[in-house]
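Peer 1: Everything below, folded, please.
(one chain, ligands or ions: 1)
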Amino acid sequence: MKKAVNIGLVGCGNVGRGVINVLERNRRIIEQKIGAEIKIGGVCDVKNLSLKGYSYTRNYKELINNPGIDIIIELIGGYEPARTIILESLKAGKNVVTANKAVLAKYWDEIFSAARKYKKLVYFEASVAGAIPVIQALNEGLAANRIEKISGILNGTTNYVLSEMTRSGVSFNVALNLAKSAGFAEANPTYDIEGLDTAHKLAILSSLAWATCIRLKDISIAGIKGVSEEDVFFTKHEFGYVIKLIGSAQMIDNSLDLRVEPCLVRKDHTFASVEREYNAVLMRGDSSGDVILYGKGAGQFPAASAVVSDIIFLGMQVVNGTAGKDPFVVYDPDKKIKLLPKGKREASYYLRFTAADRPGVLSKVSGVLAKNKISIASVYQKEPLIGMRKGVPILMLIHRVQEGNLLKALKEIDRLGIIKEKSVKYRIED
Ligand code: HSE
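Peer 2: Residues are numbered from 1 along each chain as shown. You can find the predicted model right below:
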C-alpha cells in the first residue's frame, strides 16, 4: 500500500486555486477516505505564480516526467495543449483528472483509447455541470439502466442571461452585460451563447450513457442570441412557459436525437425554477425512471468539489494499486449508433408570426398549417411589444408535429405577402 498520493496540477487559475484550497481545508477527511496522505508534488502554470510551499514550473513536462507523481490534474481548458498534456500523461503512466469539457467532447475516442492502451484512468466529473455529480450518477448509479433520455440546463452563463430576461424583461444584450458584471459570464462568452459549451457537455453525457463516441457534428446546435424579449414576455404571460437553453439526447425508435436549442418549459416543470448560474440534469433510465440532479454548474468551488472527488476516488485506487485495472469509461469504438434523421423528431411548438393587420390573415396562416397537418392548440393576436415591428404578432401553440412538416409549413408561410418578418418557433420540452 502506498503511503501517499502525489498530484501534479497543470493550470492554476480560478479552479486550480479552488482545488488547492479544498485539498488543504478538508485534508483530514480527504486523507481518511483515500487511506493515505495527499501531496501536491508540483504546480504548472504559464503565469508567474507565487504559491508558497509548492514546487512551481512553467513546463508541464517536468510534472509528467516526475516519477513521483501519480495523478496529473489538467485544468487549463481548451483543445490544445490540453489534449497533448492528457495523452502524454497517460503515455508516461499517469492517471488524469480533467475539468475540460471541450477536449473530452472533441477527442473522446483518442483519449479513452489511450487510457485503455496504457491501462490508466481519466476522471472528469467537473467537465459537466460543475458540482453536480452527474458523471458518477450516469456511469455508476444508473449503470443498470438502458438510458432513454438525458436533458438539462448545462450552461450557467446562458441560464443567467435567460433568467434575467425572464425576471426583469430586459433584452438579451442588457442581460448579458448583467451576467458579465455579476461575474457569471466570461469576457468572451461566445461558446456559451452559441450553445457550443452545452453541446460539449451533451456529447460527454451521451457518449457515456450510450457507450459510444458522440461527435459535435452529431448534435444540432442553436444558441440564445436570437431570443427576443417579446418571446420571453409572450411565452411567460400568455402561455405560462419559461425559455431555457436545453441540451437534449433522446432515444427514439432506436435512433438518437441530439440537440441544443432554446426551448419552452412549463412554469411547473422542474427546469423552470432552475435560475441563474444553476444547472439541472434529467436522466431517464428504463428501470429508474426520471432522476433529476440540481446544483451549481459553474464557479471556483463547485468545480473544485468535483475535481477533488475525482482525486479521492482515483487516489484510493492508486493506493491499492488497482488504478487502471478496469477502465472507468467502457465503450466500443466500433459501435455505431443510429442518429434520428433531421426533421423526424416530434414535438409541440410555440410559433410567432409577424403579420399585416388585416382581414383574412389568420385564415391564410392556419390554412397552410392545416394543409401540412399541423393542429393549432391556442392562438392570440397581440399588440407589438417592440415599436418598430412591421406587423402585429400572432402567437400560437401547436400540437405535436414532425419538425420537418413544421419547417416546410413555416417556409411556405414566410413566403406569404402578409408575413412581414421571419417566423419564430420554439420547441416545447416535455
Ligand atoms: N462557461 C460554463 C458555464 C462554465 O457558463 O456554464 C462551466 O462549464
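Peer 1: Distance check, Arg27 against Ile311.
Peer 2: 12 Å (CB to CB, to the nearest Å). (Glycine included, C-beta is placed from N, CA and C.)
Peer 1: Give the intersection of the neighbour lists for these two.
Peer 2: Counting by CB atoms under 8 Å, 6 or more residues apart in numbering, the residues touching both Arg27 and Ile311 are Ile38.
Peer 1: So for the two, which residue has more residues nearby?
Peer 2: Ile311 (26 against 12; other CB atoms under 10 Å).
Peer 1: strand partners of the helix or strand that contains Leu282, parallel vs antiparallel please.
Peer 2: Taking DSSP states H and E as the definition, one finds Leu282 inside strand 278-285. Using DSSP bridges, strand 278-285 pairs in its sheet with strand 147-153 (antiparallel), strand 289-296 (antiparallel).
Peer 1: Of those strands, flag the one that's most buried.
Peer 2: Each of those was scored by mean neighbour count; the highest is strand 147-153, a mean of 23, by mean count of other CB atoms under 10 Å.
Peer 1: Centre of the chain to it, how far?
Peer 2: The chain centre lies 11 Å from the centre of strand 147-153; the measure is CA atoms, centre = their mean, to the nearest Å.
Peer 1: as a whole number, average confidence for the strand holding Leu282?
Peer 2: The average pLDDT within strand 278-285 is 98.
Peer 1: Begin at 812 from now on, thanks
Peer 2: OK, 812 is where the count begins now, so the last one is strand 1089-1096.
Peer 1: CA-only coordinates of stretch 1179-1196 in CSV, if you can.
Peer 2: Taking C-alpha atoms only, stretch 1179-1196 is exported to CSV below (Å, rounded to 0.1, in the frame of the first residue of the first chain):
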residue,chain,number,x,y,z
VAL,A,1179,-51.0,26.5,-44.6
LEU,A,1180,-50.7,24.8,-41.2
ALA,A,1181,-53.8,22.7,-41.9
LYS,A,1182,-52.5,21.7,-45.3
ASN,A,1183,-49.4,20.4,-43.6
LYS,A,1184,-51.5,18.5,-41.0
ILE,A,1185,-50.5,20.9,-38.2
SER,A,1186,-53.1,21.3,-35.5
ILE,A,1187,-53.3,24.6,-33.5
ALA,A,1188,-53.8,24.3,-29.7
SER,A,1189,-54.2,28.0,-29.0
VAL,A,1190,-53.8,31.3,-30.8
TYR,A,1191,-53.6,35.0,-29.8
GLN,A,1192,-53.1,38.2,-31.8
LYS,A,1193,-51.3,40.9,-29.7
GLU,A,1194,-50.2,44.5,-29.9
PRO,A,1195,-46.5,44.6,-30.8
LEU,A,1196,-44.2,45.0,-27.8
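Peer 1: Show me which positions of it end up buried.
Peer 2: Val1179, Leu1180, Asn1183, Ile1185 (16 or more other CB atoms under 10 Å).
Peer 1: Equivalent analysis for stretch 1114-1128, please.
Peer 2: 1114-1128.
Peer 1: what's in contact with that stretch?
Peer 2: 816, 818, 826, 829-830, 832-834, 837, 841, 844-847, 849, 881-882, 884, 886, 906, 908, 910, 932, 934-937, 941-942, 944, 947, 1134-1135.
Peer 1: if we go to 6 Å?
Peer 2: 816, 826, 829-830, 833, 841, 844-845, 882, 906, 908, 910, 932, 934, 936-937, 941-942, 1134 (CB atoms under 6 Å, 6 or more residues apart in numbering).
Peer 1: same deal with stretch 840-860?
Peer 2: With CB under 6 Å, 6+ apart as the criterion, stretch 840-860 contacts 813-821, 823, 865-869, 871, 874, 879-880, 1123, 1126-1127, 1130.
Peer 1: returning to that earlier point: pull the distance from the strand holding Leu1093 to the chain's centre.
Peer 2: For strand 1089-1096, the distance to the chain centre is 11 Å (CA atoms, centre = their mean).
Peer 1: Can you report how many residues lie near the closest residue to Val945 other than its chain neighbours?
Peer 2: Among residues not flanking Val945 along the chain, Val1092 sits closest, at 5.0 Å (CB to CB, 6 or more residues apart in numbering). Around Val1092 there are 26 other residues, counting by other CB under 10 Å.
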